[in-house]
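Enquirer: Next come a sequence and a model predicted from it.
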Amino acid sequence: MSLSTPSHPAAAFTPNSLPSFLQADQLGPWGTYLQQVDRVTPYLGTLSRWVETLKRPKRMLIVDVPIHMDNGTVAHFEGYRVQHNTSRGPGKGGVRFHQDVTLSEVMALSAWMSVKNAAVNLPFGGAKGGVRVNPKLLSLGELERVTRRYTSEIGVIIGPTKDIPAPDVNTDERIMAWMMDTYSMNEGSTATGVVTGKPIALGGSLGRREATGRGVYTVGVEAAQKIGLSLTGAKLAVQGFGNVGSVAAQLFVQAGATLVAVQDHSGTVFNGAGLDVAALQAYVQAHGGVAGFAAAQALDPDVFWEVDCDVLIPAALEGQITVHNAARIQARLLIEGANGPTTPEADDILAERQILVVPDVIANAGGVTVSYFEWVQDFSSFFWTEADINARLVRIMREAFEGIWEVAQTHRVSLRTATFIVACTRILQARELRGLYP
Ligand code: GLU
């Protein structure tokens, strides 16, 4: 008896095929990322033969997260952990809790982590996680149960040398403490290095909470200098007033800028004479959002994009700056605190209007840079001073920005493409040197 030869190999190989579960019109943020990779491919030389690696996440896990609700029912949430690339080291990237999280979004966010980590030359690959849940509707106990069950479910692929989660949208130090504890209980030993962004008392790092905002400010100062924009008296508008937006705003205002507008999920506030950052931070703490802040005028959400400003910092969610508002933006400098806030079409409009965009993959890399410091400190059980941490952060961000600026000048490309050139070259060099197994 003879077996017939399977007929699939050659016929089924289509180099640019999409993951089978995603239709071309359902790509979402992953589609944005794929376009960004296509834009960089011509600059990768012989490494471009490996570019398909960047278009396919290495590993994706979808988990069911069932929990007991306080009212006695059982609720199920969908959770994800995507490891996009581990050529340069373990996966690294945050976990977000949001009702709109999708697999396509987590795929894109994990890929942007690969690019970001390589752009600042951290010895990490890229990963990201998420749970499709609105945490604002959960009690504290329910939030803890979601966190612990999700951590247990993804426990098979995370670990201090495998993949290290961290905070992202709607997750914080307390959630990282539960994640660390859950993983450690399952392992039978305390593993502080399994997550970063932990409380200081559990092996967290000084300066981590402020690190993303500080990094946004650091590259903002460099970029402003390049285009001859003085920060003294510069008008600043910020979307998102959480961990990233509020710290960045505070540092820019300390440097002489005036914060004129802030938008968040609750509303938009404007004051041409300047919003008081500390008062607004306290107000948001107490009320959960900027809406209703007294010393300001409320604006229609869409009007936020045409506010008269010099510097604009989107620091909320992806897909905010699109063909619908890019032509109305007044800023000269746009610094992406959020991940993926600008679509490729909007990028083109901004470039044509000579608005300098400092892309997410370098602008918000400060957070993961101090996460790296935290991971190193946990491994060595030796903790650094905040001054040391901030000095090292600023040095890494400045050097990375300068290198990317030079690449952009040499190839006459945007800072986004330049960052992708630097990062993708590093990732694919590692990929090529390691070789294909088996
Ligand atoms: N969630 C942050 C980011 O998007 C930080 C990730 C980390 O520290 O691992 O960069």
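Expert: Perfect, thanks for sending it.
Enquirer: all contacts plus neighbour counts: C-alpha atoms, from now on.
Expert: Fine.
Enquirer: What separation is there between the nearest residue to V194 once chain neighbours are set aside and S110?
Expert: In space, V194 comes closest to P160 once its chain neighbours are excluded; the distance is 4.2 Å by C-alpha to C-alpha, 6 or more residues apart in numbering. When C-alpha to C-alpha, to the nearest Å is applied, the distance between P160 and S110 equals 17 Å.
Enquirer: who has more neighbours, these two?
Expert: The residue with more neighbours, out of P160 and S110, is S110; 28 against 19, by other C-alpha atoms under 10 Å.
Enquirer: The ligand versus that one, what's the distance?
Expert: Taking C-alpha to the nearest ligand atom, to the nearest Å as the measure, S110 falls 9 Å from the ligand.
Enquirer: I figured that residue was touching H84, is that so?
Expert: Yes: A contact is recorded between S110 and H84 when judged using C-alpha atoms under 8 Å, the distance being 5.5 Å.
Enquirer: okay, and the common contacts of the two?
Expert: Residues within reach of S110 and of H84 at once, by C-alpha atoms under 8 Å, 6 or more residues apart in numbering, are 126-127.
Enquirer: need the strands for the stretch 151-300 of the chain, in chain order.
Expert: Counting by DSSP state E, counting those that start in this stretch, residue ranges of the strands within the stretch 151-300 of the chain are 163-164, 235-239, 258-264, 267-270, 297-298.
Enquirer: For the ones you listed, could you give me JSON lines that also reports mean neighbour count and mean pLDDT?
Expert: Putting those into JSON lines (neighbours: other C-alpha atoms under 10 Å; pLDDT from 0 to 100) gives the following:
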{"stretch": "strand 163-164", "mean neighbour count": "26", "mean pLDDT": "98"}
{"stretch": "strand 235-239", "mean neighbour count": "26", "mean pLDDT": "98"}
{"stretch": "strand 258-264", "mean neighbour count": "26", "mean pLDDT": "98"}
{"stretch": "strand 267-270", "mean neighbour count": "22", "mean pLDDT": "98"}
{"stretch": "strand 297-298", "mean neighbour count": "16", "mean pLDDT": "97"}
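Enquirer: and the ligand, which of the ones you listed is closest to it?
Expert: Minimum separation from the ligand across the strands of the stretch 151-300 of the chain (C-alpha to the nearest ligand atom) falls at strand 163-164, 6.8 Å.
Enquirer: Could you see whether the ligand lies near that closest one?
Expert: No: judged by C-alpha under 6 Å from any ligand atom, strand 163-164 makes no contact with the ligand; its nearest approach is 6.8 Å.
Enquirer: Let the chain start at 418 from now.
Expert: From this message on, residue numbering opens at 418, which makes the last subject strand 580-581.
Enquirer: What helices and strands are in contact with that strand?
Expert: strand 508-509 (3 or more C-alpha pairs under 8 Å, 6 or more residues apart in numbering; DSSP states H and E).
Enquirer: Downstream of the strand it packs on, the next helix or strand is which one?
Expert: The first helix or strand that comes after strand 508-509 along the chain, using DSSP states H and E, is strand 512-515.
Enquirer: Pull the residues that contact the helix or strand following that next one.
Expert: Using DSSP H and E, the helix or strand that directly follows strand 512-515 along the chain is helix 520-536. Residues outside helix 520-536 that contact it (C-alpha under 8 Å, 6+ apart): 444-447, 450, 471, 474, 497-502, 505, 509-510, 540-547, 756-757, 777-779, 782, 785-786, 817, 836-837, 839-841, 843-844.
Enquirer: What of stretch 605-614?
Expert: Against stretch 605-614 from outside (C-alpha under 8 Å, 6+ apart): 575-578, 580-584, 589-590, 593, 596-598, 600-601, 619-622, 625-626, 788-789, 791-792, 795-796.
Enquirer: ok, now stretch 442-457?
Expert: Counting contacts by C-alpha under 8 Å, 6+ apart, the residues touching stretch 442-457 from outside are 471-472, 521-522, 524-525, 528-529, 735-736, 757, 760-761, 834, 837-838.
Enquirer: Show me which strand runs longest in this protein.
Expert: Among all segments of the chain classified by DSSP state E, the strand with the greatest residue count is strand 491-502.
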